[in-house]
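S.K.: Only the shape, not the letters, is given here:
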């Protein structure tokens, strides 16, 4: 019996499910088989351009997350080298991004007890992000990301940009110590801490920041295609960093970054055997899941954007698999979370990259530069990082954050539909007043709720046959040709969100006591699930208890399969002598969709005790 528990069938379906989500273990092998010198030259040129942007961005994103800069550089190198071995896109460049850095900063900012151990916990957090992404790729979760409204990401990034700009003012005003002592836990708290710290503000970092921001703004206007971030960072650090290093008068007390050691770049897998590891995993569970979700959403949008320009086919689950392994590599390298960077990937594409090897070369250049920076002081050289004032990087971060507030995208989201505007505003506000790892889910929840509200409205229309034998919609003032029979056409999704509305509308039709038979036309009904099937079963039982009937016409094979597997098909067929050719369900025939309704009407008249059913139906022989 189909009602019995059948473990073999369940196991077989699970196997089919995972086989359907099969991933390519090493897509890079296809590249190696056809690699030549011409592709090497093109990839090498693109890699050089990308690495010039990758290094300063890695430093900037580490600063955004309030981490030592080695975390950003290590992530840029490890993710760029490892991801291409497994990614579906050949132009993808993975590494630290604004969005993931924002979320990392937001989490530790509101968790001061964990924030004190941030450098110890980040590798574990990144490892968890990688594992979540790997699991998601196997379950093909990336396919579901298309249902997340773009308004969520626009609102989140805009709100996070405002938050991170506000946080950088503590470095521009030289009051980082005073603000951190107050431990602000929200945007309002951060603004209050800045205001209270104003009496301690210092002019030198503000002057440095203003000059850096002006230089960055002018360079972007003058030469937008140049690696402006790298140029301004080097130039301003050379000028102001030298003055600060030589303790020259006005700039002598300016705060600077500290260099990292070669040991910081050595592989170091998170210690999973230390005491308290399970408590830490529990504390990081929510934020790691949120960062994994955001990284995959960001990477999916990036991959599809690049694919639309390159003509490649985007395999979002394969890319999600690559994001997972890139984060595991970043965790081992001591880096921060990795995601797909639209800016660096676009630069890679525009620079003429031919294959995924350009990302590998870029990662190797970043790693070589990082090793050079770390080893130079050992040989009597100058530590370049010691020459980078924090105010310079803070101004550049403000410039990057301002660029993220895309007024064009905001205008589209605000004006398209009221739902999009609501999602945008609510996500933006949530980003400012709630922890960032919760704000993204608040936006997603609002977006999905509004989507389900629209999708959960199946359209039910009562039909009749006209004099020509054609099905037509009944007018409100016309009576049913046969008061005992109603043909109800169901259009739309009948998943769990629509089930209650479906039940209510059908019950309203069934309230007519003269109505003996309802013929449900399900030709355009989609996505039946357990909830909607149970609602249908309740309707059948209600009608049958009152000596009335429900017939199904135009059922597609998908609908029939759901009814059969659920066991409700047996309920529908009760009372029909199938050996004698009787049935209560009639499948759709694409050659003439109305045949199933004609057969259902014959069955209805048979149930009513009628003898020979005189049913006329429109049929175009040319479509046979």
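M.R.: On my side now, so go ahead. Since the structure is predicted, the reported quantities are computational estimates derived from the model, not experimental observations.
S.K.: C-alpha only now, for contacts and for neighbours.
M.R.: Will do.
S.K.: Can you give the distance of the longest helix anywhere in the chain from its chain's centre?
M.R.: If you go by DSSP state H, the chain has its longest helix at helix 277-310. Relative to its chain's centre, helix 277-310 lies at 7 Å (CA atoms, centre = their mean, to the nearest Å).
S.K.: distance between the helix or strand following that helix and the chain's centre?
M.R.: The first helix or strand that comes after helix 277-310 along the chain, using DSSP states H and E, is helix 316-333. For helix 316-333, the separation from the chain centroid amounts to 15 Å (computed by CA atoms, centre = their mean).
S.K.: between helix 316-333 and helix 277-310, how many degrees?
M.R.: Inter-element angle recorded for helix 316-333 and helix 277-310: 130 degrees (by axes from the mean of the first three to the mean of the last three CA atoms, to 10 degrees).
S.K.: What residues sit buried inside stretch 142-161?
M.R.: 142, 145, 148-161 (16 or more other CA atoms under 10 Å).
S.K.: ok so, going back, just list what the longest helix of the chain packs against, helices and strands only.
M.R.: helix 98-110, helix 118-138, helix 316-333, strand 339-340, helix 342-350, helix 436-455 (3 or more CA pairs under 8 Å, 6 or more residues apart in numbering; DSSP states H and E).
S.K.: For it, buried residues please.
M.R.: 281, 284, 287-304, 306-307.
S.K.: Please work out which residues outside stretch 205-225 touch it.
M.R.: Contacts to stretch 205-225, defined as CA atoms under 8 Å, 6 or more residues apart in numbering, come from residues 171-174, 226, 228-229, 232, 236, 240, 251, 254, 391-392, 394-396, 398-399.
S.K.: Skip the chain neighbours and tell me the closest residue to residue 304.
M.R.: Closest residue to residue 304 apart from its sequence neighbours, by CA to CA, 6 or more residues apart in numbering: residue 314 at 5.9 Å.
S.K.: Repeat that for residue 71.
M.R.: residue 335 is the one closest to residue 71 (CA to CA, 6+ apart), at 4.2 Å.
S.K.: which SS class is the one you found?
M.R.: coil (DSSP: H, G, I helix; E, B strand; the rest coil).
S.K.: Residue 47 versus that one, what's the distance?
M.R.: 20 Å (CA to CA, to the nearest Å).
S.K.: and what of residue 156?
M.R.: For residue 156, the distance to residue 47 - CA to CA - is 31 Å.
S.K.: With residue 132 instead?
M.R.: In terms of CA to CA, residue 132 sits 29 Å off from residue 47.
S.K.: More neighbours: the two, which one.
M.R.: Counting neighbours by other CA atoms under 10 Å for residue 132 and for residue 47 shows that residue 47 has the greater number, 27 against 22.
S.K.: what pLDDT does that one get?
M.R.: Residue 47 carries a pLDDT value of 94.
S.K.: cool, the one 4 residues further on as well?
M.R.: Here, the pLDDT recorded for residue 51 equals 91.
S.K.: Give the closest residue to it in space, chain neighbours not counted.
M.R.: residue 362 (5.2 Å).
S.K.: Doesn't that neighbour lie inside a helix?
M.R.: Yes: counting by three-state DSSP, residue 362 is located in a helix.
S.K.: check contacts around it.
M.R.: 44, 47-48, 50-51, 77, 80-81.
S.K.: okay, the helices and strands packed on helix 277-310 in TSV with distance to residue 368 and mean pLDDT next?
M.R.: Output for these, formatted as TSV (distance: least, CA to CA, whole Å; pLDDT from 0 to 100):
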stretch	distance to residue 368	mean pLDDT
helix 98-110	24	84
helix 118-138	22	93
helix 316-333	14	94
strand 339-340	21	91
helix 342-350	19	84
helix 436-455	34	80
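S.K.: Low-confidence bits of the stretch 401-550 of the chain, can you list those?
M.R.: 454-483, 491-509 (pLDDT under 70).
S.K.: got the domain boundaries for the protein?
M.R.: Per the record, the chain has its domains at 39-407, 459-614, by automatic domain parsing.
S.K.: Nearest to residue 448, out of the ones you listed?
M.R.: Residue 448 lies closest to domain 39-407 among the domains of the chain, at 7.0 Å (CA to CA).
S.K.: What are the contacting residues of stretch 180-187?
M.R.: Counting by CA under 8 Å, 6+ apart, 109-112, 163, 190, 193, 432-435 sit against stretch 180-187.
S.K.: now with 7 Å?
M.R.: 109-110, 163, 190, 193, 432-433 (CA atoms under 7 Å, 6 or more residues apart in numbering).
S.K.: Which ones among the residues you listed map onto helices?
M.R.: Residues of those located in helices (DSSP H): 109-110, 163, 190, 193, 432-433.
S.K.: And the buried ones among the residues you listed, selectable in ChimeraX?
M.R.: Listed next is the ChimeraX selection for buried residues among the ones in helices among the contacts of stretch 180-187, using 16+ other CA under 10 Å:
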select :109,110,163,190,193,432,433
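S.K.: For the ones in helices among the contacts of stretch 180-187, give me JSON lines that also has distance to residue 123.
M.R.: As requested, these are exported to JSON lines (distance: CA to CA, whole Å):
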{"residue": "109", "distance to residue 123": "17"}
{"residue": "110", "distance to residue 123": "19"}
{"residue": "163", "distance to residue 123": "24"}
{"residue": "190", "distance to residue 123": "27"}
{"residue": "193", "distance to residue 123": "30"}
{"residue": "432", "distance to residue 123": "26"}
{"residue": "433", "distance to residue 123": "27"}
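S.K.: which one of the ones in helices among the contacts of stretch 180-187 sits closest to residue 92?
M.R.: Nearest to residue 92 among the ones in helices among the contacts of stretch 180-187, with distances taken as CA to CA, is residue 163, at 27.9 Å.
S.K.: pLDDT value on that closest one, please?
M.R.: At residue 163, pLDDT is 83.
S.K.: got a pLDDT number for the residue nearest to residue 51?
M.R.: In this model, residue 362 carries a pLDDT of 96.
S.K.: Over to the one 5 residues further on?
M.R.: Residue 367 is assigned a pLDDT of 94 by the prediction.
S.K.: before we move on, which element is it in?
M.R.: helix 357-375.
S.K.: which strands and helices sit next to the helix or strand that that helix is followed by?
M.R.: Next helix or strand after helix 357-375 toward the C-terminus (DSSP H and E): helix 390-404. Secondary-structure packing of helix 390-404 (3 or more CA pairs under 7 Å, 6 or more residues apart in numbering; DSSP states H and E): helix 150-172, helix 203-222.
S.K.: Just give me how far the helix or strand following helix 390-404 sits from the chain centre.
M.R.: Next along the chain after helix 390-404, taking DSSP H and E as the criterion, comes helix 407-416. Remark: helix 407-416 is offset 19 Å from the chain centroid, using CA atoms, centre = their mean.
S.K.: Report the buried residues of helix 407-416.
M.R.: Buried residues in helix 407-416 (16+ other CA under 10 Å): 410, 413-414.
S.K.: next one: stretch 239-258
M.R.: 240-245, 251-258.
S.K.: Kindly check the end-to-end length of it for me.
M.R.: Start-to-end span of stretch 239-258 (CA to CA) is 17 Å.
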